[in-house]
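Student: take this sequence and fold it.
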Amino acid sequence: RMMHLFRELADEGRSLVCITHNVDHVDQCHLVMILSRGKLVFCGPPHEAPRWFGVQRISEIYDRLGERDPADWEQRFRASDLHR
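Tutor: Below is the predicted model:
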């Protein structure tokens, strides 16, 4: 319910920041930022995140993050078109 409320507020022109580990409804968001040990490893539309990490669902990203050093993920993101 909170994510739907946040969507309504954003549609009214308000800017919101929501920090969560529950990614079930981040598809309601305009942008998501994913951090790994304090490193920004993704910022973009939520529908692009699974493809970026090579998974089917956004909830699988947490498992994928453990496969590489956070600095590697960060470097890959900084070199991407999404970062630019």
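Student: show me where the protein dips below the pLDDT cut-off.
Tutor: Within the chain, no range satisfies pLDDT under 70.
Student: okay, the residue of it most remote from its centre and Ala71: tell me how far apart.
Tutor: Relative to the centre of the chain, the most outlying C-alpha is that of Glu12, 22.3 Å out, by CA atoms, centre = their mean. As judged by CB to CB, to the nearest Å, Glu12 and Ala71 stand 39 Å apart. (Each C-beta comes from the backbone N, C-alpha and C, glycine too.)
Student: what does Cys29 give?
Tutor: 26 Å.
Student: between those two, which is the more surrounded one?
Tutor: Set Cys29 next to Ala71 and count neighbours by other CB atoms under 10 Å: Cys29 wins out with 18 against 12.
Student: mind listing what the more buried one touches?
Tutor: Cys29 makes contacts with 3, 6-7, 18, 46, as judged by CB atoms under 8 Å, 6 or more residues apart in numbering.
Student: buried ones only from the residues you listed, please, as a ChimeraX command.
Tutor: In ChimeraX, this line selects whichever of these come out buried by 16 or more other CB atoms under 10 Å:
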select :3,6,7,46
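Student: in strands, which of the contacts of Cys29 appear?
Tutor: Per DSSP state E, strands hold no members of these.
Student: and the furthest pair within the contacts of Cys29?
Tutor: Within the contacts of Cys29, Phe6 and Pro46 form the most distant pair, 13.0 Å apart (CB to CB).
Student: wait, a helix at Asp24?
Tutor: No. Under DSSP: H, G, I helix; E, B strand; the rest coil, Asp24 sits outside any helix and is assigned coil.
Student: tally of neighbours for it?
Tutor: Asp24 has 11 nearby residues by other CB under 10 Å.
Student: not counting sequence-adjacent ones, nearest residue to it?
Tutor: Excluding its sequence neighbours, the residue lying closest to Asp24 (CB to CB, 6 or more residues apart in numbering) is Ser59, at 7.3 Å.
Student: do I have it right that that neighbour meets Val23?
Tutor: Yes. Counting by CB atoms under 8 Å, Val23 is a contact partner of Ser59 at 5.4 Å.
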